[in-house]
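1. Below are the sequence and a predicted model for it; my questions follow.
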Amino acid sequence: LMNQIVEYNDTLSYITVQPGVTQKQLACFLKDPGDKHIMPVTGSSPYESITGNYLERGFGMPPLADHADAVTSIQAILPDGTYYQSQLSHLGCTKVDKLYKHGLGPHTDGLFFQSNYGIVTQMTIKLALKPAHNTVVIAQTNGDNLSHVIDSLRCMRQQWDIPNISIKVFNSLYSLAASQIPYPKEYMDRNDHLPQSVIDQVTKDNKIADFIIVITCAGPKVINNAVARELKKRLNRITDSIVIINEFRHDVLFKLKNFIPSNVRKKLDTIFTAWSLYKGTPSDKMLKLAYWRNRNKTDKHAEINPAKDGCGIIWYAPIIPFDGVSTKKYEAFFTKTCKKFDINPIFNFSNTADNYLIAVSALIFDPKTQGEKARLCYLALMEEGIKLGFPPYRLPFLAMDQMLTTYPSDINTKIKNALDTNNILSPKKYTSAE
């Protein structure tokens with residue numbers, strides 16, 4: 001099964017795992033020896049492979065939200081059976097290798113991210129100390145102010161470029177789906193996107209803004225409070241409302257949730273689920289987004305398994321510059337393309353560091369009747385997005401062949417030819433031999 005936790009160093013804050021180790025397994029393990037460290041979980045399944053997510057450059061909750069950046073050492077088997085380790089480990093300096101990610105000479109560990117050059121058998125990742133305090137700042141704004149909000153958040157990121165801060169901006173459809181606000185019944189069986197008039201009515205009825213901004217800060221209370229004050233100062237004039245939730249307020253809301261109106265409670269449930277993720281506890285509740293157009297899930301206590309339950313979802317996640325002009329340009333392009341293929345334009349902008357955003361966009365569809373449309377929609381988004389300067393940060397398998405055919409990489413092909421002469425390992429995953 002290759003699901004062993006090989007080494008845990010609680011003094012130097014790193015852990016070495018095999019590829020079968022899951023989010024849930026690691027989270028449970030870290031709680032046993034004193035609950036000292038936290039793993040940066042994602043909103044995906046608790047049974048997701050840690051190694052698989054990190055190799056695909058996934059990202060999660062702060063601290064250490066950029067997963068690929070947290071990888072310090074890799075061991076792998078190459079296609080010809082050769083055992084790979086970094087130069088530092090080859091020198092016998094294995095402990096230093098697990099602390100210093102850059103190695104000595106070329107950074108060869110980086111070859112195994114989003115590639116088919118070898119099979120990773122062990123990975124060492126940095127761990128963060130469990131934050132003493134979590135603070136979440138939630139604001140909402142209309143579409144006209146989106147550019148101003150994005151530019152203000154970018155300036156905030158540049159001033160406070162610390163790994164404890166995570167920024168997300170959700171459009172109204174993403175908020176509706178994530179909050180499990182019921183899909184309009186009269187449109188459930190239609191192979192079409194929702195008319196804007198229907199979206200406007202549903203969002204009005206549920207008091208969902210055009211965009212909801214969620215900024216998370218995990219760390220010492222004094223820093224969190226300073227970040228919250230700065231955000232309030234920056235966003236006060238360009239957002240409709242700002243709510244700051246700290247540990248105390250979260251606990252009070254959680255205790256009172258059964259006395260809160262159901263429409264408000266659905267929104268709070270999303271916050272409560274996210275809060276458990278901030279604490280390093282993986283949850284499958286975020287997967288409910290995939291069920292927005294699905295009737296098969298009737299038992300709320302049953303296991304959440306989108307693939308088993310016949311949900312259709314494809315993630316499109318391009319990289320875009322962290323500026324207001326680019327976000328408005330992306331919103332227009334993504335909305336127009338999705339509607340062309342009868343798909344609802346559901347997206348959020350996510351930032352964990354630096355001056356770029358990942359536009360995490362969900363193509364939710366009925367696999368029985370819209371599978372081909374969804375596939376074509378993704379390919380159209382990828383092609384047009386690249387032309388607009390918005391390349392995908394990762395690819396699903398359905399797009400690998402088109403990317404390789406249209407945009408071949410000479411250097412990647414040369415490396416593949418050298419390491420895998422017969423092209424036996426995952427052909428056409430990001431690269432291919434000649």
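-> Cool, got the structure.
2. Residue 217: neighbour count?
-> 27 (other Cβ atoms under 10 Å). Using the backbone N, CA and C atoms, a C-beta is placed for each residue, glycine as well.
3. Can you name the residues bridging to it?
-> residue 135, residue 165 (DSSP bridges).
4. if I look at the spatially closest residue to residue 294 that is not a sequence neighbour, how far off is residue 156?
-> In space, and not counting its chain neighbours, residue 294 is closest to residue 311: 4.9 Å by Cβ to Cβ, 6 or more residues apart in numbering. Applying Cβ to Cβ, to the nearest Å, the value for residue 311 to residue 156 is 36 Å.
5. show me where the stretch 251-400 of the chain has strands.
-> With DSSP state E, counting those that start in this stretch as the criterion, the stretch 251-400 of the chain has strands at 312-316, 319-321, 346-351, 356-365.
6. Ramachandran coordinates for the most centrally placed residue in the chain?
-> Most central in the chain under Cα atoms, centre = their mean is residue 59, positioned 4.9 Å from the mean C-alpha point. Per-residue torsions, residue 59: phi -140, psi 160 (degrees, to the nearest 10).
7. quick one: low-confidence parts of this structure?
-> Within the chain, the ranges that satisfy pLDDT under 70 run 263, 295-301.
8. Can you show me the helices along it?
-> 23-31, 50-55, 87-90, 94-97, 146-159, 172-178, 196-205, 221-235, 247-256, 262-278, 324-340, 371-387, 397-406, 410-419 (DSSP state H).
9. Quote the end-to-end distance of stretch 407-425.
-> Terminal residues of stretch 407-425 are spaced 21 Å apart (Cα to Cα, to the nearest Å).
10. Count the neighbours of the residue lying closest to residue 407 once chain neighbours are set aside for me.
-> Spatially, and ignoring its direct neighbours in sequence, residue 407 is nearest to residue 386 (7.7 Å; Cβ to Cβ, 6+ apart). A total of 15 residues lie near residue 386 under the criterion other Cβ under 10 Å.
11. re the thing from before, just checking, the residue nearest to residue 294 touches residue 367?
-> Yes: when contacts are counted by Cβ atoms under 8 Å, residue 311 is listed as touching residue 367 (7.5 Å).
12. And the two? Which one has more around it.
-> Neighbour tally, residue 311 and residue 367, criterion other Cβ under 10 Å: the higher count belongs to residue 311, 23 against 13.
13. residue contacts, the closest residue in space to residue 77 that isn't next to it in sequence?
-> Computed as Cβ to Cβ, 6+ apart, the closest residue to residue 77 that is not its neighbour in sequence is residue 119, at 4.9 Å. Residues near residue 119 by Cβ atoms under 8 Å, 6 or more residues apart in numbering: 76, 77, 425.
14. The first one: what's its closest spatial neighbour, skipping adjacent residues?
-> I take that to be residue 76. residue 118 (3.9 Å).
15. cool, and the last one?
-> Across the structure, with Cβ to Cβ, 6+ apart as the measure, the residue nearest residue 425 apart from its sequence neighbours is residue 79 (4.6 Å).
16. What does that neighbour show for phi and psi?
-> phi -60, psi -30.
17. Distance of it relative to residue 420?
-> From residue 79 over to residue 420 (counting by Cβ to Cβ), the distance is 4 Å.
18. Name the residues contacting each of those two.
-> What both residue 79 and residue 420 touch, as defined by Cβ under 8 Å, 6+ apart, is the set residue 117.
19. Tell me, how many residues neighbour residue 153?
-> Residue 153, neighbours per other Cβ under 10 Å, totals 24.
20. Pretty sure it sits against residue 167.
-> Yes: Residue 153 is within contact range of residue 167, at 5.6 Å (criterion: Cβ under 8 Å).
21. And for residue 96, the neighbour number?
-> So residue 96, with other Cβ under 10 Å, has 15 neighbours.
22. got a list of what it touches?
-> residue 88.
23. In TSV: the strands of the stretch 251-400 of the chain, plus mean neighbour count and distance to residue 90.
-> Output for these, formatted as TSV (neighbours: other Cβ atoms under 10 Å; distance: least, Cβ to Cβ, whole Å):
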stretch	mean neighbour count	distance to residue 90
strand 312-316	19	37
strand 319-321	18	34
strand 346-351	23	37
strand 356-365	22	34
